[in-house]
Structures are given as structure tokens and as C-alpha cells.
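coords please:
(2 chains)
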There are 2 protein chains.
Amino acid sequence: MKIIPLDQIRQRLEGLDLLAAIEAAFVAYSEGRSIVPPVGELLLPAGEVHIKYGCITGDEHYVIKIASGFYGNPALGLPSSNGLMLLFRQATGEPVALLQDEGFLTDTRTAVAGAVAAKHLAPKEVRRIGIVGTGIQARLQLEQLRPITTCRQVLAWGRGEAQLADYRRQGEALGFAVETTQDTSEVLSACQLVVTTTPATEPLLFAEHLQPGTHITAVGSDTPHKQELDWQILQRADLVVADSRAQCLERGEIHRALSVGAILEEKMVELGEVIRGASSGRTSEEQITVADLTGVAVQDIAIASAVYGAAGSDDLP
Amino acid sequence: MKIIPLDQIRQRLEGLDLLAAIEAAFVAYSEGRSIVPPVGELLLPAGEVHIKYGCITGDEHYVIKIASGFYGNPALGLPSSNGLMLLFRQATGEPVALLQDEGFLTDTRTAVAGAVAAKHLAPKEVRRIGIVGTGIQARLQLEQLRPITTCRQVLAWGRGEAQLADYRRQGEALGFAVETTQDTSEVLSACQLVVTTTPATEPLLFAEHLQPGTHITAVGSDTPHKQELDWQILQRADLVVADSRAQCLERGEIHRALSVGAILEEKMVELGEVIRGASSGRTSEEQITVADLTGVAVQDIAIASAVYGAAGSDDLP
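Residues are numbered from 1 along each chain as shown, chains lettered A, B, ... in the order given. Reported below is the predicted structural model:
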């Protein structure tokens, strides 16, 4: 069993076309070419653990991903996320590799999915990118959006001045001009591509501020109880895209909107269907589109397989 | 993260009181002092993978166990079972240890649970032990029964002469006198303690051969479709004991008997309740008792914690 630590994983990621890998994974999922059992969940007093697992049918490996969020960790000087990924042979069950990614691959595949959603759903002209949240995911989303759009103007929302100042520096290091606000209505008023990245359990964005020609990617809500978008946003949207129809019935923004009857299940299309052209995505610049990303095991499978398959300096003789 | 390979795990097991550890785990489970989410299951064309996970409330660690059965492996020169266990800190989610047990700890904790069931449910006088099956689990059950009973007479059932001859040698090496048969009715006629260890999906043992004063531990059936005991055996039994009430509603012998209406849910008591005396176990030598062991995550938690806590020669400076 090959053990690949985080520094090796970071090296291996360079030069990988993760956008193409994650797109292919969503297409395989929507075409039924994957086995993805329901998410395993361990809810502890201090945090939550998600187990996402499965395989692309006929691939060499299956993948089991463990990712945790312990929100008291920063007070202990530890990152809130952690995790690892395991690859096993589909033909025999033999363990093949342990990727000690400490949650980094989960963060990365989530950010890449944001880029995939923006590529297929954002309007052509994005004058300003809105980022809601100032954490790791807020930074990674910007990083992954860089090759997708020529826009370099960002408006970031956060609760604290210090975090916003930090985030401005991070965005500038990535080549963006970053303004900040503590009022989410400004984000919806000024931005055509909005990404929400918080663990909020009450809506942060409201339909009354929504402009025509906006795309929102909601990344934060991955459980039945988290919510970043007022359900009226999904009601007003021309197109609501789920990363996984099955998962979005149980968790995320779509789940919340369905549970109050704000939208019908039929309104939801799957990201993989949009990517492969089986569902039309955005059909005009004026449309409002929402992508709800709860995180699907096929993303973990794709990134783990890509990292394992990449040459690492630890492979040298 | 400490990585403990199989040879170190075997060393660490020596001297551990696994019977007491597994008894304590069943009691904690029945007292509601554990968090055990539903079993995760990945069903592949070539095999099946079970993910069992959770924690004893307030313990230092939570455990995620992955175990697989690929029944075509022996034809490839590989063991059918494989697996590993992971320990993480309950307070922070940090990975603590990887136990590369290759399925051995799952096999062992299953056999120890058989010994626990026999200790609490078998009649006082066992003149002959019946073992149904000739694989690894059949051997481990005998090994774990050794300290529980003074009986050294075994009648083993298997489908093939060669496997039975092998099994006889294994049992003799453990100090048992082993006779063999290819007729399961002889096992029920001659044995007071019977352990079934096969992956059968059709009953192998039938109520018509059942004698008063028999205890059966059914170990093989751990999915909704496997079955070793005719449901009339559970109907006739004076006592039906589940390792986990919740799991036995969904999988194993009790599930099969419930699904045809042969027994009522109220007939089932939990092993942990019998161990701690909250349910009476066997109350006379003439009773017929059945224990249905589907395998509960608390067993994995107990054995993983015990192995991690034991001193290993790899700990020496």
C-alpha cells in the first residue's frame, strides 16, 4: 500500500487537468456509470465526519474518502478540516494507496467543481465576482476561477474586518482586485458570478437583491441543515442545477427549497447533464442560474485517481 | 499518523483480553453509550465492501473500519477478505493510526463475539461442538471457544472432502478431536453448541433436526440476503439474541425470520443486555437459544482501540 503524504500530493497536483477530470466525473455520474452509495455521516459533539465512497464502473479502483470539520479546531491552533482518501482495487478489494491529504483534496475538488459550474452556467460577461466567506474555500474558489474567466474584480463578503483584510491580500496575490463588504445585498447587486462558501445555517443572500444575469454557485451547504440562500432565490431562478439529484433531495439548498414547496423536483437538472449537453444550461445573458454543490463521491474518486496516477518524485528510483 | 502493519498487529494482540473488551463494547452499545451510524456498503461486480464506523461516547478515538469480501480472490491466489481500520481523535478529527490488518481484526473480533455468545448462552454441558463451514472463520471460532468450554469434541460440516480434511488438521492443532460430515442434520443431532460460518444464501440447518438444549451462533449472515438457518429454527427457539437490534432488523437471520412473519420483533433481545443482566439469557439446560451476529462497529472500535493501546515492539526507542 502506497502512502502519499500531503507534500507529495501537492507536487503531483501540478500539471494535472483537474477541470477536465471533474467534468468527466460529473458526466459519468449523470450517465449512471458510477456506483455512489449514500454519504456516511458521523455526528460528534465536537465536529462532523463525512464518508464519501464509490467508483466509476469499470475503473481500476474504488475510493473511500473521509473528511471532517471540527469548528473548534482553530481555537486549538489546528485547521478545522482534515481527512484522507483511500484507493482499493475494484477487482480484489486490495488496498492500493493512502492519500494523507489532510482535507486538501476535498477542498480542491470542491473548488474545481465551482469552476466547472461557472464555466457552464455563468453569463459571458462577468464584470465582478462575488465571494461570500473568507476561509480556505473562498480562496480556492478564486484560484480555480482564474482560468475560467477574464474578470479580475472581486467583491468579498465576510463578518470580520480582519478576515476581510486577510482575504483581500490572498485575492491580490492571485491577481485579483478585491473590494470588501459586510453587506451581502451589495454582493448580489454588483456581481454576475457569486460563490457562497460559508457553513451558515440561515440564509445570507435574499431574492430581493437578485439581478437578472446572475449565476450563483452555492458551495457551503452540504448537510440537511446548512443553508446560505433564501429559498426564494431558487424559486426565482430560471435554472437550478444539482451536482447530484439524489443528494440534493436530502441536503443542500435544493433540499431546503423543496422542503418548503418553493420549487418542484422537476425544476432540478444535474450538472453532468449540462456538461454533456443533455440539458440546456444558460440560454440567455439575462437568466438567473443557481448551482447547488453538495459534494459527490465521484469528485473524490476523480481527484484521488488523478493524484495516484500522476508521477511523483517519490516514484523515482 | 501511526501505521501499524499486520505482523505488529498480531504481536500486539498477544496478551490482550479481547473477550472482556468485546463484552464491554456490546454493553456500551446496548446502554446507548455509543454512536453507530448505519453500515456503509459498496456492492461491486466482484465483491462487497462494508464500512463500519462510530465511537464509544467520550472515548478518545472514533474508528472507521473497511472490510471486503471478494469471493473470486482465492482463484487468483489471494485471500477473499481484506481490510483496514483507522483511528481518529474524537475531539479534533485528526487521523491517529492506520491498522493494516488485511481483514484479520474483523475476522478476530467476529470470532471473539462467537465466544461471548457461547459464554452467555450455551448450555453448561457441551458434549460436542458443531462447526458449519471450513474457512478462516470456522478455525478462529474454535480457537476463541477454547477458553470458554472444556469440550474438545468437534463435528465439522463442509461441502468438500479436502476442505474437511484440512479443517480436521487445523482443529487438531488447536487441541480438538475433529470428526467431519457432509450432512448438516448430523450437526444438529449431535452438538449442543453450533456455530455457522458460511456465506450461504439458502438455509443449511433445519428445525426438524433441532434438539432441546442447543445453542446456535449464526455468524455467516451479515447482509439482507445471506441466510444459514431455516426461519423455523428461530421460531422454535426459546431465546433469540441479536448483536444489534437495529442491524438485525435489516440483515442477518433475524431479518429473514421477521420478513416472513416467523417471529415478532419483541422476541429479540440484545447481546449487551444479556451480558449486563438486563435480559435473562438461558434459564434452563433444555432451552434452545440462537445468537445472530451481524457484526457491529463497536466490536471494531473495541479491537482497534485495544491494538492501538497495546505496547508494540515498534514503539521501542
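
Residue numbers of chain A in contact with chain B?
Applying Cβ under 8 Å from any Cβ of the partner chain, one finds that chain A approaches chain B through A:1, A:3, A:35, A:37, A:40-44, A:46-47, A:49, A:51, A:53-55, A:62, A:64, A:66, A:68-70, A:73, A:76, A:78, A:82-84, A:86, A:88, A:90-95, A:98, A:100. Where you see a C-beta, it was placed from the backbone N, CA and C, and this is true even at glycine.

among those, which ones are buried?
Neighbour-count burial (16 or more other Cβ atoms under 10 Å in any protein chain shown) applied to the residues of chain A next to chain B gives A:1, A:35, A:37, A:40-42, A:44, A:47, A:49, A:51, A:53-55, A:62, A:64, A:66, A:68-70, A:73, A:78, A:82-84, A:86, A:88, A:90-95, A:98, A:100.

Restricted to strands, list those.
A:35, A:40-42, A:49, A:51, A:53-55, A:62, A:64, A:66, A:68-69, A:82-84, A:86, A:88, A:95, A:98, A:100 (DSSP state E).

Start from the N-terminal end of the stretch 51-200 of chain A and give the strands.
Applying DSSP state E, counting those that start in this stretch to the stretch 51-200 of chain A gives strands spanning A:61-69, A:81-89, A:95-100, A:129-132, A:153-157, A:177-181, A:193-196.

Low-confidence stretches in chain A?
Residue ranges of chain A with pLDDT under 70: A:313-317.

Helices along that one, start to end?
Taking DSSP state H, the helices of chain A run over residues A:6-13, A:18-30, A:104-121, A:136-145, A:161-173, A:184-190, A:231-236, A:245-250, A:252-259, A:271-275, A:297-309.

What helices and strands are in contact with the fourth one?
The one in question is helix A:136-145. Counting contacts by 3 or more Cβ pairs under 8 Å, 6 or more residues apart in numbering or on different chains; DSSP states H and E, helix A:136-145 packs against helix A:104-121, strand A:129-132, helix A:161-173, strand A:193-196.

Export these to CSV and append columns for mean neighbour count.
Formatted as CSV, these follow (neighbours: other Cβ atoms under 10 Å in any protein chain shown):
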stretch, mean neighbour count
helix A:104-121, 25
strand A:129-132, 28
helix A:161-173, 15
strand A:193-196, 28
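
so can I have JSON lines of those showing distance to A:E228?
Putting the helices and strands packed on helix A:136-145 into JSON lines (distance: least, Cβ to Cβ, whole Å) gives the following:
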{"stretch": "helix A:104-121", "distance to A:E228": "13"}
{"stretch": "strand A:129-132", "distance to A:E228": "7"}
{"stretch": "helix A:161-173", "distance to A:E228": "17"}
{"stretch": "strand A:193-196", "distance to A:E228": "4"}
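
Which one of those lies nearest to B:A306?
helix A:104-121 (30.5 Å; Cβ to Cβ).

Would you mind getting the angle between that closest one and helix A:18-30?
Here helix A:104-121 points in a direction 80 degrees away from that of helix A:18-30 (axes from the mean of the first three to the mean of the last three Cα atoms, to 10 degrees).

Please compute how far helix A:104-121 lies from its chain's middle.
Taking Cα atoms, centre = their mean, to the nearest Å, one finds helix A:104-121 lying 5 Å from the centre of the chain it belongs to.

Measure how that helix sits relative to helix A:6-13, angle-wise.
Using the same axes, to 10 degrees: helix A:104-121 against helix A:6-13 is 30 degrees.

Who are the contact partners of A:I35?
Neighbour list for A:I35: A:G54, A:C55, A:T57, A:Y62, B:L42, B:L43, B:L44 [criterion: Cβ atoms under 8 Å, 6 or more residues apart in numbering or on different chains].

again, only this time at 10 Å
A:53-57, A:62, A:90, A:297-298, A:301, B:42-45 (Cβ atoms under 10 Å, 6 or more residues apart in numbering or on different chains).

of all these, which comes closest to A:V116?
Nearest to A:V116 among the contacts of A:I35 is A:V298, at 11.9 Å by Cβ to Cβ.

Report the separation between the residue nearest in space to the middle of chain A and A:T294.
Most central in chain A under Cα atoms, centre = their mean is A:T110, positioned 3.0 Å from the mean C-alpha point. Separation of A:T110 from A:T294 (Cβ to Cβ, to the nearest Å): 10 Å.

Quickly list what's touching both of those two.
With Cβ under 10 Å, 6+ apart as the test, A:T110 and A:T294 both reach A:V219, A:D222, A:D243.

Let me know the closest of those to chain B.
Checking the shared contacts of A:T110 and A:T294 against chain B with Cβ to the nearest Cβ, the nearest one is A:D222 at 15.5 Å.

hmm, back to that, output the shared contacts of A:T110 and A:T294 as CSV; include the columns distance to B:C151.
Output for the shared contacts of A:T110 and A:T294, formatted as CSV (distance: Cβ to Cβ, whole Å):
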residue, distance to B:C151
A:V219, 62
A:D222, 54
A:D243, 58
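
are any of the residues you listed buried, and which?
A:V219, A:D222, A:D243.

Leaving out sequence neighbours, find the closest residue to the second one.
Spelled out, that is A:D222. Counting by Cβ to Cβ, 6 or more residues apart in numbering or on different chains, the nearest residue to A:D222 once its immediate chain neighbours are dropped is A:T294, at 4.8 Å.

Next, the contact list for the one you found, please.
Residues in contact with A:T294 (Cβ under 10 Å, 6+ apart) are A:39, A:110, A:113, A:218-219, A:221-223, A:226, A:242-244, A:246-248, A:250-255.

let's go with 8 Å and repeat that
A:T294 neighbours (Cβ under 8 Å, 6+ apart): A:S221, A:D222, A:A242, A:D243, A:S244, A:Q247, A:C248, A:R251, A:G252.

I'd guessed the fourth one sits against A:A113; true?
Yes: with contact defined as Cβ atoms under 8 Å, A:D243 reaches A:A113; the gap is 6.5 Å.

Show me the common contact partners of those two, please.
In contact with both A:D243 and A:A113: A:F26, A:L271, A:L293, A:G295, using Cβ under 8 Å, 6+ apart.

Would you mind putting those residues into CSV with distance to B:C151 and neighbour count alongside?
Putting the shared contacts of A:D243 and A:A113 into CSV (distance: Cβ to Cβ, whole Å; neighbours: other Cβ atoms under 10 Å in any protein chain shown) gives the following:
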residue, distance to B:C151, neighbour count
A:F26, 59, 27
A:L271, 62, 29
A:L293, 60, 29
A:G295, 54, 23
